[in-house]
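Asker: Kindly return the folded structure for what I paste below:
(one chain, ligands or ions: 1)
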Amino acid sequence: MALNYIGSKLSLLDFIDRTVRSVITEEIGVVGDLFAGTGAIGRFFKAKGCSIVSNDIQHYSYVTNRKYIGICAPLTFQGLESELPGLRVAKDKARFVLEHLNTGTEPRKGFIYENYCEEGTRGQAHVRLYFSNENALLIDTIRQKIEGWAIDRKIDEDEYFYLLATLLEAADRVANTASVYGAFLKTLKASARKRLELVKDEIIFSDKTHTLFNDDIRNVLNRVPIDLLYLDPPYNARQYDANYHLLETISRYDHPEISGKTGLRKDTSQKSDFCRKHRVKQAFTEVVQKTRAKYLLVSYNNEGLMSLKELQEILALRGTPKTFVHAYKRFKADKTENRNHKAESTTEYLHFVKCEKG
Ligand SMILES: C[S@@+](CC[C@H](N)C(=O)[O-])C[C@H]1O[C@@H](n2cnc3c(N)ncnc32)[C@H](O)[C@@H]1O
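Answerer: Got it, this is the predicted structure:
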């Protein structure tokens, strides 16, 4: 159950697949997805039998990718057997544990309840309505339970990231926002009034090695050899850290300093150069010049900070770019929040380069 995410390529998988098959005839061993977001691309190539190198600067994305890319075999949750009667004989262990978290845990208030729901923020300078009171409490309860199990070594890393990513997805479904977390709605919308529920979904099992990072792309570029490097940078000035600050805080659960009406994290270390008009060209050039991948595939659209010509010039540093075009329906958040966008669709480009120069 993927996050509803700006720039998700879920609906473009077919276009990307067709393009890759038209330009690369040899078998691809390792695919790099180093602006991974929801991991849609990594998942797709994992299912095709490739090894994946996944990275994103945001922690919630890393956690999501640890779930969908990192986990390769069924989870047993063996360490919870003494705490959860019935687990040992349960056929579907993951579902059993999720059901327990959904209903069987002692409520425990925490950072989300205290800062992001009406009851918890009443009497404070800013009353926030990002979640219903019940859901904010559930998020804290489940988040703390998962952390406790990890600290007590009752769950291993795969189980930890599986549960945490599933909580992030569940929280996102009941968030009281138009789509991103830059603002909350004044009254609880219907989906935000529903009780939060952890839902099981399937993981693609795999016998390949997958590597996951949570860093600036420039720090991880060549840590693992990559055949096909897919680049899907942010297109515009809308920073992901601000737009998804609540997912980041639930994911890290680091009790950050927050400020203002929306309770934004004060830490700005995740601001991306790829969202800055005066820095994006240099940052992108650095990635293109330094990668040792054989092939480069880049997603970008006609409304990005870099123009088509600028992007093609940068890619030409490594070979002859081929450009593929696809008309694409605009992401919901762009329509609801950027009302200056008149066009219903944008043009998505895929640029392919075989790295022969540089
Ligand atoms: C367009 S989205 C990727 C969407 C993804 N392909 C999907 O299908 O969900 C861009 C991603 O780049 C990440 N990002 C931004 N700056 C970054 C940087 N300097 N290094 C690594 N990741 C970065 C953002 O957090 C965001 O998840």
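Asker: switch to C-alpha atoms for all contacts and neighbour counts from now on
Answerer: Noted.
Asker: Can you list the buried residues in the helix or strand containing F96?
Answerer: If you go by DSSP states H and E, F96 is part of helix 93-103. Judged by neighbour count (16 or more other Cα atoms under 10 Å), helix 93-103 contains these buried residues: K93, A94, R95, F96, V97, L98, L101, N102.
Asker: Farthest-apart pair in the residues you listed, please.
Answerer: K93 and N102 (14.3 Å; Cα to Cα).
Asker: can you tell me how far D152 sits from Y160?
Answerer: Computed as Cα to Cα, to the nearest Å, the D152 to Y160 distance reads 12 Å.
Asker: which of the two has more neighbours?
Answerer: Taking other Cα atoms under 10 Å, D152 and Y160 do not tie; Y160 has more neighbours (21 against 10).
Asker: tell me what the host helix or strand of that one is packed against?
Answerer: If you go by DSSP H and E, Y160 is part of helix 157-173. Helix 157-173 is packed against helix 59-65, helix 133-151, helix 245-252, with contacts defined by 3 or more Cα pairs under 8 Å, 6 or more residues apart in numbering; DSSP states H and E.
Asker: Which is the succeeding secondary structure element to it?
Answerer: Next along the chain after helix 157-173, taking DSSP H and E as the criterion, comes helix 190-193.
Asker: Just the mean pLDDT for that following helix, thanks.
Answerer: For helix 190-193, the mean per-residue pLDDT is 98.
Asker: buried sites along that helix?
Answerer: A192, R193.
Asker: Neighbouring strands of the helix or strand following it in the sheet, and parallel or not?
Answerer: As assigned by DSSP H and E, the chain's next helix or strand after helix 190-193 is strand 211-213. Strand pairing for strand 211-213, determined by DSSP bridges: strand 51-55 (parallel).
Asker: which stretches of the stretch 1-150 of the chain aren't confidently modelled?
Answerer: The model of the stretch 1-150 of the chain has pLDDT under 70 over residues 1.
Asker: Please determine how far the residue in the stretch 251-358 of the chain positioned nearest to the ligand is located from F35.
Answerer: In the stretch 251-358 of the chain, the residue that lies nearest the ligand is S272 (4.4 Å; Cα to the nearest ligand atom). Plainly put, S272 is 11 Å away from F35 if you go by Cα to Cα.
Asker: So the two - more neighbours on which side?
Answerer: Applying other Cα under 10 Å to S272 and F35 shows that F35 carries more neighbours, namely 23 against 20.
Asker: Apart from its neighbours in sequence, what residue is nearest that one?
Answerer: Using Cα to Cα, 6 or more residues apart in numbering and skipping the chain neighbours, the partner closest in space to F35 is D56 (5.1 Å).
Asker: wouldn't the one you found be in contact with T64 here?
Answerer: No: judged on Cα atoms under 8 Å, D56 makes no contact with T64 at a distance of 10.2 Å.
Asker: Need the nearest residue in space to S132, chain neighbours excluded.
Answerer: Once flanking residues are discounted, S132 sits nearest to C117: 5.9 Å by Cα to Cα, 6+ apart.
Asker: and the one you found, what does it touch?
Answerer: Residues in contact with C117 (Cα atoms under 8 Å, 6 or more residues apart in numbering) are V127, R128, L129, Y130, F131, S132, N133, A136.
Asker: Spell out which residues of this structure are next to the ligand.
Answerer: The chain has residues 7-10, 35-41, 56-58, 215-217, 232-234, 240, 272, 274 near the ligand, with proximity defined as Cα under 6 Å from any ligand atom.
Asker: Return the members of those residues classed as buried.
Answerer: The buried subset of those - by 16+ other Cα under 10 Å - is 7-9, 35-41, 56-58, 215-217, 232-234, 240, 272, 274.
Asker: Just the ones of the residues you listed in helices?
Answerer: Within these, residues falling in helices by DSSP state H are A40, I41, I217, Y240.
Asker: and of those, the nearest to N176?
Answerer: Y240 (18.0 Å).
Asker: What are the neighbouring residues in contact with that closest one?
Answerer: Q58, K271.
Asker: Retrieve the pLDDT associated with it.
Answerer: 96.
Asker: could you say what helices and strands the strand ranked longest in the chain packs with?
Answerer: Identified as the longest strand of the chain according to DSSP state E is strand 345-354. On a contact count with 3+ Cα pairs under 8 Å, 6+ apart, strand 345-354 meets strand 295-301, strand 322-329.
Asker: sorry, back to before: nearest to A183 among the helices and strands packed on helix 157-173 would be which one?
Answerer: Closest to A183 of the helices and strands packed on helix 157-173 is helix 245-252 (Cα to Cα; 10.5 Å).
Asker: Dump the C-alpha coordinates for that closest one into PDB.
Answerer: C-alpha atoms of helix 245-252 as PDB (Å, rounded to 0.1, in the frame of the first residue of the first chain):
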ATOM      1  CA  HIS A 245       7.500  16.400   8.000                       C
ATOM      2  CA  LEU A 246       5.100  14.300  10.000                       C
ATOM      3  CA  LEU A 247       6.000  11.000   8.400                       C
ATOM      4  CA  GLU A 248       9.600  11.900   9.100                       C
ATOM      5  CA  THR A 249       8.800  12.500  12.800                       C
ATOM      6  CA  ILE A 250       6.800   9.300  13.100                       C
ATOM      7  CA  SER A 251       9.500   7.400  11.400                       C
ATOM      8  CA  ARG A 252      12.400   8.800  13.500                       C
END
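Asker: strands paired with the helix or strand following that helix, and their directions?
Answerer: Counting by DSSP H and E, the next helix or strand C-terminal to helix 245-252 is strand 258-259. Counting by DSSP bridges, the strands paired with strand 258-259 are strand 264-265 (antiparallel).
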